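Undergrad: got a structure for you, letters missing:
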């Protein structure tokens, strides 16, 4: 597939996608197209750190509009995983990961204040936090992730209890 190298066209497409998401933040097709357009149609050109930080903030802002919407959370985690592959072994990555973790914590507080509910009830937010803990690694993060997976399995997301149980087993075996 041949893509355009005209910067203005890519920027126009991002603006169009922003409009679509402002109309319907649950537009999964717009989220998928944003990933493609933000990467300029390239499967091999990951975001720079500055781009990743900007896209993380975009995803979090949209997640705050509807925290139950899975699309911004999947986009958010995809960015983190991409940066993990790109800069995971550098001194920049822990700071980036801390920024992402802080964004989740702030979103959880915002959710709790707005909804008067426990932030753990927002399963996509909690799932994203589990992903971050797994990426961070280390015994404390692993134990916290396992605890959250158990909470998701038994209390907050029982419809996917087999998924959470399988994920927990996989994490336990990997340590």
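TA: Yep, it's here. All values reported here derive from a predicted model rather than from experimental measurement. Residues are numbered from 1 along each chain as shown.
Undergrad: gap between the helix or strand hosting residue 60 and the chain center?
TA: Secondary structure from DSSP states H and E places residue 60 in helix 49-65. On the basis of C-alpha atoms, centre = their mean, to the nearest Å, helix 49-65 sits 9 Å off its chain's mean C-alpha point.
Undergrad: any idea which helix or strand comes after that helix?
TA: Once helix 49-65 ends, the next helix or strand along the chain (criterion: DSSP H and E) is helix 70-87.
Undergrad: how far does that following helix sit from its chain's centre?
TA: For helix 70-87, the separation from the chain centroid amounts to 5 Å (computed by C-alpha atoms, centre = their mean).
Undergrad: next, the angle from that helix to helix 49-65.
TA: Helix 70-87 runs at 160 degrees relative to helix 49-65, counting by axes from the mean of the first three to the mean of the last three C-alpha atoms, to 10 degrees.
Undergrad: so which elements touch helix 70-87?
TA: With contacts taken as 3 or more C-beta pairs under 8 Å, 6 or more residues apart in numbering; DSSP states H and E, helix 70-87 sits against helix 28-38, helix 49-65, helix 92-115, helix 123-136. In this view, the C-beta of every residue, glycine as well, is placed from N, C-alpha and C.
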